[in-house]
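Asks: Quick one: sequence and predicted model below, then my questions.
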Amino acid sequence: MSIVIPIGSGKGGVGKTVFTANLGILLAASGKKTILIDLDLGGSNLHTCLGIKNRNTGISSLINKQENSLENLLFETEIDNLFFIPGDTLSPGTGNLPFFTKQKIIKQINSLDADFILLDLGAGSTYNTVDFFLVSPYGIVFTSPETTSVLNAYSFIKTSVFRMLFRSFKAKSFEREIIHNFVNTKLEGSGRSFTADLIQELTAHSYLSGQAAAEKIKEFHPWVIVNRVENSESIELGLKLKDVTRKNIGIDLEFLGPLPEDKDVQLSIFRRSPVVLTSPSCPFTRELSVIADKLASGEVLPQPKLYLDEDDLLKIDE
Ligand SMILES: Nc1ncnc2c1ncn2[C@@H]1O[C@H](COP(=O)(O)OP(=O)(O)O)[C@@H](O)[C@H]1O
Ligand SMILES: [Mg+2]
């Protein structure tokens with residue numbers, strides 16, 4: 001089964017697209033079949049970071065109903081094992097994604113055949129973006145060390161958690177109404193985490209619903225990458241994000257690694273050629289390779305939970 005990694009951020013311009021393109025190349029180079037999908041609709045530029053002239057229709061032809069299958073939009077790049085689905089640069093103005101198209105894309109992403117599928121998302125916490133982020137449990141939240149970017153990353157995570165809980169209950173359910181009202185009335189700073197308060201409200205309605213929500217939250221561990229790191233203060237800002245998220249939202253973030261500020265990255269954009277190819281030993285490429293190795297070896301991927309209870313043991317002994 002493919003490992004789908006959506007890459008989101010609260011603020012734009014923090015390096016998601018540079019990361020997606022170059023990580024994709026490194027994963028492909030390590031022998032993993034990798035598909036990159038440009039889902040920054042209205043602002044697609046993954047082809048530029050890959051150094052590809054975009055002549056293929058992409059997601060826009062699904063939106064315009066000229067095409068029905070995501071797989072048909074896949075094309076082979078010049079790099080072995082690397083495949084690409086462009087966004088909507090050839091038909092701009094498709095930034096507004098109709099609900100059924102979004103559903104169709106989400107369903108079809110999960111049935112593509114690859115080792116890794118990386119989703120380059122647009123910035124911000126709109127439900128369209130957040131729904132793509134929730135396609136898989138392996139999402140990465142990207143941020144730069146600027147305070148505004150970290151605050152926006154926090155908002156993105158918060159919106160994702162509530163959206164995940166909302167979508168885990170059926171349409172028109174009472175639980176959805178509770179979550180909807182909670183999100184619209186709850187203010188920060190009550191002292192307890194939001195999710196603890198929300199679980200309490202859900203539990204008051206139904207013990208099982210409260211339990212189901214608590215379980216979902218426990219399993220939600222988005223990864224975080226702080227990009228353009230220049231000094232230890234940048235790392236501290238990242239740790240602050242981890243603390244605030246645990247305290248206010250009640251979830252644990254996992255850091256996948258910092259990426260350094262590196263002038264070779266800007267130079268590579270200027271040359272329209274991916275930095276891992278133009279500067280294979282610059283600091284950015286070196287640190288990105290550590291992340292790619294971690295992913296390719298399966299070292300950091302959360303394992304599905306296995307329960308072992310007494311019944312199972314009895315059956316083994318028999
Ligand atoms: N680690 C880095 N070092 C230096 N410049 C960077 C780095 N990461 C990103 N950039 C710069 O930031 C710009 C925006 O990056 P991009 O990937 O397009 O952001 P996003 O996709 O999040 O909007 C790039 O064009 C590049 O110039
Ligand atoms: Mg981008």
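Replies: Yes, it's here. As the structure is a computational prediction, the values presented were derived from the model and not from experiment. Ligands and ions are numbered 1, 2, ... in the order given.

Asks: Now for residue 201, how many residues are close by?
Replies: When counting by other C-beta atoms under 10 Å, one arrives at 17 neighbours for residue 201. Any C-beta I mention is one placed from the backbone N, CA and C, and that applies to glycine too.

Asks: nope, residue 63 is what I meant
Replies: A count of neighbours around residue 63, defined by other C-beta under 10 Å, yields 22.

Asks: close enough to count as contact, it and residue 99?
Replies: No - when contacts are counted by C-beta atoms under 8 Å, residue 63 is not listed as touching residue 99 (11.7 Å).

Asks: what residues are up against the closest residue to ligand 2 within the chain?
Replies: With C-beta to the ion as the measure, the residue in the chain that lies nearest ligand 2 is residue 17; the distance is 3.3 Å. Under the criterion of C-beta atoms under 8 Å, 6 or more residues apart in numbering, the contact partners of residue 17 comprise 40, 45, 46, 49, 120.

Asks: which one is it nearest to, not counting chain neighbours?
Replies: What sits nearest to residue 17 in space, not counting adjacent residues and going by C-beta to C-beta, 6 or more residues apart in numbering, is residue 49, at 5.0 Å.

Asks: Secondary structure element holding the one you found?
Replies: Element membership for residue 49, per DSSP states H and E: helix 46-50.

Asks: Read off the pLDDT value for residue 315.
Replies: With respect to pLDDT, residue 315 scores 51.

Asks: How many neighbouring residues does residue 66 have?
Replies: Going by other C-beta under 10 Å, the residues that sit close to residue 66 add up to 10.

Asks: Does it touch residue 58 like I think?
Replies: No - assessed by C-beta under 8 Å, residue 66 is found out of contact with residue 58, at 11.2 Å.

Asks: Just confirm the residue of the chain closest to ligand 2 is within a helix.
Replies: Yes - under DSSP: H, G, I helix; E, B strand; the rest coil, residue 17 falls within a helix.

Asks: Could you measure from it over to residue 122?
Replies: Distance from residue 17 to residue 122, counting by C-beta to C-beta, to the nearest Å: 10 Å.

Asks: Give me the common contacts of the two.
Replies: Here residue 17 and residue 122 have residue 40 as joint contacts, going by C-beta under 8 Å, 6+ apart.

Asks: Write out the residues of the chain neighbouring ligand 1.
Replies: Counting by C-beta under 6 Å from any ligand atom, the residues of the chain lying close to ligand 1 are 9, 12-18, 123, 227-228, 259, 261-262, 265-266, 269, 284.

Asks: one step back: which helices and strands does the helix holding residue 49 pack with?
Replies: Under the contact criterion of 3 or more C-beta pairs under 8 Å, 6 or more residues apart in numbering; DSSP states H and E, helix 46-50 touches helix 16-29, strand 34-39, strand 82-85.

Asks: What is the burial count for residue 45?
Replies: Tallying neighbours of residue 45 according to other C-beta under 10 Å, which is how burial is gauged here, yields 18.

Asks: Oops, could you answer that again for residue 44 instead?
Replies: Per other C-beta under 10 Å, the neighbour tally for residue 44 reads 25.
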